[in-house]
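In: Please work out how this folds:
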Amino acid sequence: VQVNLNESAQYAAQPCEGLTAFVLKSFGGARPYIFVDPKHISDARAWLAQHQQIDGCFRAVGKLFNNRMKVGIALCTVQKFYGGVSDKISLTAYITAALLELDRSASDQMVARSLHCLRAASYQLDNLYTTALLSYTFTLAGDQEMRDKLITHLAKEAKTTGGSCHWEYTDASSKKTDSLEVEMTSYVLLALLSGPQLPDFGLDYASSIVRWLVQQQNPYGGFSSTQDTVVALQALSLYSAATFSPEGDTTVTVTSGGGYKREFVVNRHNRLLYQEERLTEVPGDYNVKAEGKGCTLVQIALHYNIPPPADFSAFSITAKVEGSCNSTRKALTVTVEVMN
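Out: Residues are numbered from 1 along each chain as shown. Alright, predicted model coming up:
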């Protein structure tokens, strides 16, 4: 917060609309709890307005840190902070959502122009990431017609299995899309929970999305990257608020065939307390039983190392001395080879 937003937008001479929008909405969210100089926010809005095109869209002018992330928000090369946004429609949707989160005003001139750009683009969408992001943006804007259209389309593309629901992005040039899938699935959840409940898309449907998201969460509470963690935790927090009940106690009992037994009690007094216990029998078979009323997340994490092959080497270093033994000036050539 010590960095001026106008300067951060052009950090290391790299203009960055995505990062500016992210910091802008973060400052807006922090205002009820800490003092944020209003000039920082007004300067950032003014800087973003300078980069809005005539058609209302924002064009990404920074470089992509990861070139395979061509489907939607690169939040600048130098910050090494990226998500799915690289094209101008996804970037415009991201910035518009950030502005709407800031003050919830769809009548603002800059927001109204960007929404016009997004409506025009909504008829020729070609990837699910942008569609998911747009569904959240139009939900914040209060455009129920567009929201219903986009969410209905997304529901047809959803992957459902074992009571869970999520969205996948398939790219032949990319083997690793887990982060994008967490991010786009989180945007759909945000769209469902940030506006009036839609028929057939109530809390039961949202719960199936949450069930998939928490399965992607690592033992430390995060996900694959900084960006998908930010969006996923925002969506999960909104779901927690929507399903909160001051009543209800749950007792989770973990047992094993070897005599291990541990009880975890979750109630309104300790519901935010993180509880953890080390399993003593590894490998082993464990049973988990929950009794009571409420919603509790149980996660088991196994940490292990795989010894590398005996002939494995990450890199090699060789040194060669050139020149005669009697010479006073010897040349040392060092070669470092990194293995793929």
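In: neighbours around the closest residue in space to residue 323 that isn't next to it in sequence, how many?
Out: Excluding the flanking residues, the one nearest residue 323 by CB to CB, 6 or more residues apart in numbering is residue 330, at 4.3 Å. Heads up, the C-betas are built off the backbone N, CA and C, glycines and all. Using other CB atoms under 10 Å, residue 330 has 10 other residues around it.
In: Isn't residue 330 up against residue 320?
Out: No - look at residue 330 against residue 320 with CB atoms under 8 Å: they stay out of range, at 10.5 Å.
In: where in the stretch 101-250 of the chain is pLDDT low?
Out: For the stretch 101-250 of the chain, residues meeting the criterion pLDDT under 70 lie at 171-177.
In: Do you have the helices of it handy? List them.
Out: 109-121, 128-141, 144-157, 178-193, 203-216, 226-242 (DSSP state H, counting those that start in this stretch).
In: quick one: which of those is nearest residue 296?
Out: helix 203-216 (11.1 Å; CB to CB).
In: Buried residues in that closest one, which are they?
Out: 205-210, 212-213, 216 (16 or more other CB atoms under 10 Å).
In: who's in contact with the residue most central in space within the chain?
Out: By CA atoms, centre = their mean, the chain has its centre lying nearest to residue 228, at 1.4 Å. If a contact means CB atoms under 8 Å, 6 or more residues apart in numbering, then residue 228 has 83, 179-180, 182-183, 186 as its contacts.
In: Recalculate using a threshold of 10 Å.
Out: 83-84, 178-186, 213, 216, 222 (CB atoms under 10 Å, 6 or more residues apart in numbering).
In: The nearest residue to residue 181 once chain neighbours are set aside: neighbouring residues, count only.
Out: Distance criterion CB to CB, 6+ apart; nearest residue to residue 181, sequence neighbours excluded, is residue 168 at 5.6 Å. Neighbourhood size, residue 168 [other CB under 10 Å]: 14.
In: do the same with residue 18
Out: That count, for residue 18 with other CB under 10 Å as the rule, works out to 27.
In: can you tell me the helix or strand for it?
Out: Using DSSP states H and E, residue 18 maps to helix 17-30.
In: Can you name the next helix or strand after that helix?
Out: helix 38-50.
In: Just give the closest residue to residue 110, not the sequence neighbours.
Out: Closest to residue 110 by CB to CB, 6+ apart is residue 49, at 5.3 Å.
In: any idea how far that neighbour is from residue 113?
Out: For residue 49, the distance to residue 113 equals 9 Å [CB to CB, to the nearest Å].
In: Out of these two, name the residue with the larger neighbour count.
Out: A side-by-side neighbour count of residue 49 and residue 113, using other CB under 10 Å, places residue 113 first with 19 against 12.
In: To what extent is the residue nearest to that one when sequence neighbours are not counted buried, counted in neighbours?
Out: Nearest non-adjacent residue to residue 113, counting by CB to CB, 6+ apart: residue 56, 3.6 Å away. A count of nearby residues for residue 56, using other CB under 10 Å, gives 21.
In: looking at it, the residue nearest to residue 110 is touching residue 24, isn't it?
Out: No - checked against CB atoms under 10 Å, the pair residue 49 and residue 24 is beyond contact range at 11.8 Å.
In: follow-up on the earlier one: pull the most distant pair out of the buried residues of helix 203-216.
Out: Within the buried residues of helix 203-216, 205 and 216 form the most distant pair, 18.2 Å apart (CB to CB).
In: distance of the closest residue to residue 214 other than its chain neighbours from residue 213?
Out: Distances taken as CB to CB, 6+ apart put residue 297 closest to residue 214, at 5.8 Å, once the chain neighbours are dropped. Separation of residue 297 from residue 213 (CB to CB): 11 Å.
In: Overlap of the contact sets of the two?
Out: residue 236.
In: Need the CA coordinates for stretch 203-216. CSV is fine.
Out: In CSV, the C-alpha atoms belonging to stretch 203-216 read as follows (Å, rounded to 0.1, in the frame of the first residue of the first chain):
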residue,chain,number,x,y,z
LEU,A,203,-27.3,-23.6,-3.5
ASP,A,204,-27.5,-27.3,-4.3
TYR,A,205,-25.9,-26.6,-7.7
ALA,A,206,-23.4,-24.2,-6.1
SER,A,207,-22.5,-26.9,-3.6
SER,A,208,-21.6,-29.3,-6.4
ILE,A,209,-19.1,-26.6,-7.6
VAL,A,210,-17.7,-26.1,-4.2
ARG,A,211,-17.2,-29.9,-3.8
TRP,A,212,-14.9,-29.9,-6.9
LEU,A,213,-13.1,-26.7,-5.8
VAL,A,214,-12.1,-28.0,-2.4
GLN,A,215,-10.8,-31.2,-3.9
GLN,A,216,-8.2,-29.0,-5.8
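In: returning to what we had before: neighbours around the residue nearest to residue 214, how many?
Out: 10.
In: How about residue 275?
Out: Neighbours around residue 275, by other CB under 10 Å: 12.
In: and the closest residue to it other than its chain neighbours, what helix or strand is that in?
Out: Spatial nearest neighbour of residue 275, chain neighbours left out: residue 264 (5.1 Å); criterion: CB to CB, 6+ apart. Per DSSP H and E: residue 264 is located in strand 261-266.
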